[in-house]
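Undergrad: starting from these lines, generate the structure:
(one chain, ligands or ions: 2)
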Amino acid sequence: MTLHQNLIAGEWVGTDGVANINPSNTNDVIGDYARASADDALAAIAAAKAAFPAWSRSGILERHAILKKTADEILARKDELGRLLSREEGKTLAEGIGETVRAGQIFDFFAGEALRLAGEVIPSVRPNIGVEITREPVGVVGIITPWNFPIAIPAWKIAPALCYGNTVVFKPAELVPGCSWAIVDILHRAGLPKGVLNLVMGKGSVVGQAMLDSPDLQAITFTGSVGTGKRVAAASVEHNRKFQLEMGGKNPFVVLDDADLAVAVEAAVNSAFFSTGQRCTASSRLIVTEGIHDKFVAAMAERMHGLVVDDALKAGTHIGPVVDQGQLNQDTDYIAIGQQEGARLAFGGELIARDTPGFYLQPALFTEATNQMRISREEIFGPVAAVIRVKDYDEALAVANDTPFGLSSGIATTSLKHATHFKRNAEAGMVMVNLPTAGVDFHVPFGGRKGSSYGSREQGKYAAEFYTTVKTAYTLA
Ligand SMILES: NC(=O)C1=CN([C@@H]2O[C@H](COP(=O)(O)OP(=O)(O)OC[C@H]3O[C@@H](n4cnc5c(N)ncnc54)[C@H](OP(=O)(O)O)[C@@H]3O)[C@@H](O)[C@H]2O)C=CC1
Ligand SMILES: O=C(O)CCC(=O)C(=O)O
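TA: Numbering: from 1, shown residues only. Ligands and ions are numbered 1, 2, ... in the order given. Now for the predicted structure:
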């Protein structure tokens, strides 16, 4: 089997490979991917540091051309790369191709942003002095990504980092190296100079930790668990570096009596179960007012009956497998915890067998849950949701906001008054009205509040805040 190597200082290196396994069929080995050591991580950081002076001064047309070429190749290969994504992560083929298109669009967007770099010239408060405000690249950026969006998250971190003139050391999640290797290969062939982008696939505890401990990274952008996020934060404070964290969610989806039932059920099913519930924007708390509660639960159960859980690559599959045995154990542990806490398992929750050995779990819906239960407070990261019954809108909003997290928040209502009030008062970085809590645009800011996020927003033009540093220059006329 071909070994997919790491890219350090423009050279493909590495001999020790780890098998990338398909969660829909654990007999299917997608390929071998090199495992970097801590020394490899240090070599990658040194290469990125050496490449920074030239790349930070490179012309915007060069950056534009490389990012555009990358976008075009990703979009031209969307079916093949989308299939690779579904095969290694387990989301359905439609979701895999959709995410790949999104990655292509992100590179296209930042190809454009490279041409739109601008500063400000403003008069000083003192006579005969001019003031220029410009944005400069930060330096060497460390990128650490999770397994649940194997191409979109690397894209939305790598594209702006390069666009604004930074060099990069990129460590993808060990579970899904395939898409990361593919986009680094595309960028390398698109003409990136040696050392500008370095790929170090390997263990978080080794490669990731070596990155956190290095004094030569000027910034780290991270998406993943709260626990690892806190390590990134502590190490970054120690090294006086910029950092940006996207971590967990416990996103609420409120359903009011006046909601269009079909719209509410579709949005709730999508929020809770699509992509096997493995999205930080997924909703696992369905907060439902009492007038519509029973109708909503019945309609949810009926809709869930129709969901096909099977091999991610099969036509007709709505929900693919859980990503691996560890995540599956976490999901089933929480299903047991929910039952012990007194919630009623109204639908699903059982392990299911399919033609191929994989991590298949029937999506689970709890009812009679309270917002104090662990299933309502802790991120499960699987296809498990709980319905919490509330009296009215005011109680729904209070319950929605009663969480340590604040990434995304949704409401189903036909009332303009409640929709408007919710948009203003939901304690979340993103608010959705009559839409799923997950599934965001690629050109607008992404991020949360409270325990979900730290630092400036990702994506769209707001990404410039993290990947650049502002300089103010004064000149005597
Ligand atoms: N908000 C989100 O989008 C996500 C949230 N999660 C949550 O996190 C839980 C666990 O998922 P998991 O993948 O283990 O999350 P982690 O936070 O462990 O993984 C995220 C990334 O951090 C790396 N990492 C792990 N340890 C370190 C370290 N000491 N220093 C630097 N980098 C490190 C991982 O490497 P490696 O590949 O070796 O694991 C991976 O690349 C999920 O069940 C879910 O609750 C997970 C994924 C995404
Ligand atoms: O909902 C989305 O589109 C993005 C979700 C995401 O970034 C995540 O789960 O990490």
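Undergrad: only C-alpha atoms for contact and neighbour calcs from this point on.
TA: Fine.
Undergrad: now do the strands in the stretch 151-300 of the chain.
TA: In the stretch 151-300 of the chain, the strands defined using DSSP state E, counting those that start in this stretch lie at 167-171, 197-199, 219-223, 242-246, 251-255, 283-289.
Undergrad: what parts of this protein come near ligand 1?
TA: Within the chain, the positions adjacent to ligand 1 are 144-148, 172-175, 203-205, 208-209, 223-225, 228, 246-248, 279-280, 327, 379-381 by C-alpha under 6 Å from any ligand atom.
Undergrad: now a ChimeraX select for only the buried ones of those residues.
TA: Burial among the residues of the chain next to ligand 1 is assessed by 16 or more other C-alpha atoms under 10 Å; the matching ChimeraX selection reads:
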select :144,145,146,147,148,172,173,174,175,203,204,208,209,223,224,225,228,246,247,248,279,280,327,379,380,381
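Undergrad: low pLDDT regions in the stretch 1-150 of the chain?
TA: The model of the stretch 1-150 of the chain has no residue with pLDDT under 70.
Undergrad: do a quick rundown of the strands in it.
TA: Using DSSP E, counting those that start in this stretch, strands in the stretch 1-150 of the chain cover 3-4, 6-8, 11-13, 17-22, 25-34, 120-123, 129-137, 140-144.
Undergrad: so which of those strands comes closest to ligand 2?
TA: strand 140-144 (12.2 Å; C-alpha to the nearest ligand atom).
Undergrad: packing partners for the closest one?
TA: Here strand 140-144 touches helix 38-56, helix 152-163, strand 167-171, strand 219-223, going by 3 or more C-alpha pairs under 8 Å, 6 or more residues apart in numbering; DSSP states H and E.
Undergrad: and the last one, average pLDDT?
TA: If you average the pLDDT over strand 219-223, you get 98.
Undergrad: now do it: distance to the chain's middle.
TA: Centroid separation for strand 219-223 versus its chain: 12 Å, with C-alpha atoms, centre = their mean, to the nearest Å.
Undergrad: which strands and helices lie in contact with it?
TA: strand 140-144, helix 226-238, strand 242-246.
Undergrad: one more pass at 7 Å, please.
TA: If you count contacts as 3 or more C-alpha pairs under 7 Å, 6 or more residues apart in numbering; DSSP states H and E, strand 219-223 packs onto strand 140-144, strand 242-246.
Undergrad: highest mean neighbour count across those, which stretch is it?
TA: strand 140-144 (a mean of 27; mean count of other C-alpha atoms under 10 Å).
Undergrad: quick one: the residue nearest the centre of the chain and Thr281, what's the gap?
TA: With distances taken as C-alpha atoms, centre = their mean, the residue of the chain nearest its centroid is Ile153 (5.0 Å). Distance from Ile153 to Thr281, counting by C-alpha to C-alpha, to the nearest Å: 13 Å.
Undergrad: common neighbours of these two, please.
TA: By C-alpha atoms under 7 Å, 6 or more residues apart in numbering, Ile153 and Thr281 have no common neighbours.
Undergrad: looking at the strands of the stretch 151-300 of the chain, which is buried most?
TA: Mean neighbours per residue, mean count of other C-alpha under 10 Å, is largest over these for strand 251-255, with a mean of 32.
Undergrad: can you check what angle separates that strand from strand 283-289?
TA: 30 degrees (axes from the mean of the first three to the mean of the last three C-alpha atoms, to 10 degrees).
Undergrad: strand 251-255: partners in the sheet, and parallel or antiparallel?
TA: strand 283-289 (parallel), strand 408-412 (parallel) (DSSP bridges).
Undergrad: save these as CSV, and put in distance to Tyr454 too.
TA: CSV is the format used below for those (distance: least, C-alpha to C-alpha, whole Å):
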stretch, distance to Tyr454
strand 283-289, 20
strand 408-412, 14
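Undergrad: rewinding a little: hey, which of the helices and strands packed on strand 140-144 is tucked in deepest?
TA: Mean neighbour count (mean count of other C-alpha under 10 Å) peaks for strand 167-171 among the helices and strands packed on strand 140-144, with a mean of 30.
Undergrad: ok, it: who's next to it in the sheet?
TA: Applying DSSP bridges, strand 167-171 is found paired with strand 140-144 (parallel), strand 197-199 (parallel).
Undergrad: returning to what we had before: closest one to Val440 among the helices and strands packed on strand 140-144?
TA: Ranking those by proximity to Val440 (C-alpha to C-alpha) places helix 152-163 first, at 11.2 Å.
Undergrad: before we move on, the earlier item: residues contacting the residue nearest to the centre of the chain?
TA: Going by C-alpha under 7 Å, 6+ apart, Ile153 touches Thr145.
Undergrad: quick check, Leu217 in contact with Val138.
TA: No - the pair Leu217 and Val138 does not pass the contact test of C-alpha atoms under 7 Å, sitting 9.4 Å apart.
Undergrad: which of the two has more neighbours?
TA: Looking at Leu217 and Val138 with other C-alpha atoms under 10 Å, you find the greater number of neighbours at Leu217, namely 26 against 23.
Undergrad: and that one, what does it touch?
TA: With contacts defined as C-alpha under 7 Å, 6+ apart, the neighbours of Leu217 are Val140, Val141, Gly142.
Undergrad: redo that, cut-off 10 Å
TA: 45-46, 48-49, 138-142, 167-169, 211, 236, 239-242 (C-alpha atoms under 10 Å, 6 or more residues apart in numbering).
Undergrad: do Val207 as well
TA: Going by C-alpha under 10 Å, 6+ apart, Val207 touches 35-42, 144, 170-171, 200-201, 213.
Undergrad: out of the strands of the stretch 1-150 of the chain, nearest to Asn270?
TA: It is, among the strands of the stretch 1-150 of the chain and with distance given as C-alpha to C-alpha, strand 17-22, at 23.3 Å.
Undergrad: elements contacting the closest one?
TA: The contact analysis (3 or more C-alpha pairs under 10 Å, 6 or more residues apart in numbering; DSSP states H and E) places strand 17-22 against strand 3-4, strand 25-34, helix 78-89, helix 177-189.
Undergrad: and with 6 Å instead?
TA: strand 25-34 (3 or more C-alpha pairs under 6 Å, 6 or more residues apart in numbering; DSSP states H and E).
Undergrad: now the angle between strand 17-22 and the strand it packs on, please.
TA: With the same axes, to 10 degrees defining the directions, strand 25-34 sits at 150 degrees from strand 17-22.
Undergrad: what ranges does the stretch 251-400 of the chain have for its helices?
TA: Per DSSP state H, counting those that start in this stretch, the stretch 251-400 of the chain carries helices over the ranges 261-273, 290-305, 325-341, 374-377, 393-401.
Undergrad: please, which helix or strand holds His421?
TA: Per DSSP states H and E: His421 is located in helix 416-425.
Undergrad: next structured bit after that helix?
TA: Once the chain leaves helix 416-425, the next helix or strand it forms, by DSSP H and E, is strand 430-433.
Undergrad: mean confidence score for the next helix-or-strand element following that following strand?
TA: Where DSSP H and E defines the elements, the next helix or strand beyond strand 430-433 is strand 449-450. Across strand 449-450, the average pLDDT comes to 98.
Undergrad: residue numbering should commence at 23 henceforth.
TA: Okay, residue one is now 23; in that scheme the one you just asked about reads as strand 471-472.
Undergrad: mind checking how far Ala31 is from Val462?
TA: Distance, Ala31 to Val462, using C-alpha to C-alpha: 34 Å.
Undergrad: those two: which is more packed in?
TA: Between Ala31 and Val462, counted using other C-alpha under 10 Å, Ala31 has the larger neighbour count: 22 against 14.
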